[in-house]
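>>> What shape does this take:
(4 chains)
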Number of protein chains: 2
Amino acid sequence: MMRTIDPAKHEARRRNIVNAAAGLFAAKGFERTTTAEICKAAGTSTGNLFHYFPNKRAIFLAVFEEDGDEKAEFLARAVAGDDPWAALLEVVDLLAAPAAEPTVPPLVMEAMVQAYRDPEVEAALSRDNAEEHAAIAALLSRAAEAGQIDPGLDPVGTATWIQTLIGSLYTGAATNPGFEPAEQLPTLHLILRRFLRAEPGPS
Amino acid sequence: MMRTIDPAKHEARRRNIVNAAAGLFAAKGFERTTTAEICKAAGTSTGNLFHYFPNKRAIFLAVFEEDGDEKAEFLARAVAGDDPWAALLEVVDLLAAPAAEPTVPPLVMEAMVQAYRDPEVEAALSRDNAEEHAAIAALLSRAAEAGQIDPGLDPVGTATWIQTLIGSLYTGAATNPGFEPAEQLPTLHLILRRFLRAEPGPS
DNA sequence: GTCTATAACGCGATAGAC
DNA sequence: GTCTATCGCGTTATAGAC
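The predicted structure follows:
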């Protein structure tokens, strides 16, 4: 008598719940989304939902616990590449890409707000942030050595600014109705090019 | 027997409630702040609170309905000034200044999130946004005419980017613990100078 | 024995009657 | 200005299906 059955079905059901919840969290926010709504959207029921997750917060956290591995690999490969400047632009594009999906920017906003009160959300976000920051800072250092960017810039502080510039695509998409992150990418590249590649120069 | 009393006292009491609520909204967010807490913090009681405001949302809205006049004046004066580039930097500093106050960034985050669902909040924010955007775009046009910045930049799109850059100071302060907007202002100026004043140049 | 569904509890918040 | 009715939420206790 197969004791524990297919973990595949378990995962599928779990994912189904997470996906349904993600849509609701994006549309209505965490607190205004009720567990009953999640159940209805996922086609399941209360008892079942609390069989997969201990509480509502755990569902929210699960939304953001994905695809960490692929990104880490990509970042590692980029840092190790030959052309730091080109790699930097690729990293920027990679990190900016999800902003074009309609549900992601509101979810990111919600996560930033929740990170304020919930230490677990805070931890999850800062882990991701630190990973990206390290990769960007490393690329900036290497690009400076290679003479591709202004060597006078502090890699740590500059990396933070690049992250906030990418973040602007998310906040912009979440707040301005007509803001299309994909359209803004060329401008972001232009800003970075002019900011980073500028001659040290006077004043 | 004076029927309707001093509107001054009314306003003071109202302001008192709004200020107390603002602190709580900043610390705990809108939904997690209870009307009872607001009452306690404001030193009043439930019935009295609902005498001044119809519901909790109205209190939240009142937090953001202030000092509109002074800012509008300042913007108008800046646009009319002699040196558009200097005026632009002054406008940036003015709009960035509140980010240094500890309670403001979380409140702004909360407002951006609430603007998604609440049309009234959305309206209030976009009114402010449009005002600032118009001023910045006008300054960009004048600075381009005066040969102070790259004339190839689209004033409308560039103004939006400048707004998001300023917004980064708020989101950065709200998310990164060690992020000090005041310290980042010089870097913001540097980014703007290099981005905007660059020669049109090739590539 | 693992998964799913129903139903109900306790809590706390809003709002309005007094 | 106090007090409290009403309602909706997250959660759990209980019981049935695969």
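>>> and A:T33, how many neighbours?
Using other C-beta atoms under 10 Å in any protein chain shown, A:T33 has 21 neighbouring residues. C-betas here are computed from N, CA, C, even on glycine.
>>> elements contacting the helix or strand harbouring A:R194?
Here A:R194, judged by DSSP states H and E, is contained in helix A:181-197. Counting contacts by 3 or more C-beta pairs under 8 Å, 6 or more residues apart in numbering or on different chains; DSSP states H and E, helix A:181-197 is packed against helix A:84-96, helix A:155-175, helix B:155-175, helix B:181-197.
>>> want to try CSV for those, with mean neighbour count and mean pLDDT as columns?
Output for the helices and strands packed on helix A:181-197, formatted as CSV (neighbours: other C-beta atoms under 10 Å in any protein chain shown; pLDDT from 0 to 100):
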stretch, mean neighbour count, mean pLDDT
helix A:84-96, 19, 97
helix A:155-175, 22, 94
helix B:155-175, 22, 94
helix B:181-197, 17, 96
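>>> Quick check: residues of chain A near chain B?
For chain A, the contact set with chain B under C-beta under 8 Å from any C-beta of the partner chain comprises A:28-29, A:31-32, A:106, A:109-110, A:112-113, A:115-117, A:125, A:129, A:157, A:160-161, A:164-165, A:167-168, A:171-172, A:174-176, A:179, A:184, A:187, A:190-191, A:194-195, A:198.
>>> one step back: pull the distance from the helix holding A:R194 to the chain's centre.
Computed by C-alpha atoms, centre = their mean, to the nearest Å, the chain-centroid distance of helix A:181-197 equals 19 Å.
>>> what angle sits between that helix and helix B:181-197?
Angle of helix A:181-197 versus helix B:181-197, following axes from the mean of the first three to the mean of the last three C-alpha atoms, to 10 degrees, is 90 degrees.
>>> can you list contacts of helix A:181-197?
With contact meaning C-beta atoms under 8 Å, 6 or more residues apart in numbering or on different chains, helix A:181-197 is reached by A:88-89, A:92-93, A:96, A:99-100, A:105, A:140, A:143, A:148-150, A:153, A:158, A:162, A:165-166, A:169-170, A:172-173, B:157, B:161, B:190-191, B:194-195, B:198.
>>> Just to check, A:C39 is in contact with A:S45?
Yes: A:C39 is within contact range of A:S45, at 5.5 Å (criterion: C-beta atoms under 8 Å).
>>> Neighbour count for these two, which is higher?
More neighbours surround A:C39 than the other of A:C39 and A:S45, with 19 against 12 (other C-beta under 10 Å).
>>> got a pLDDT number for the more buried one?
A:C39 carries a pLDDT value of 94.
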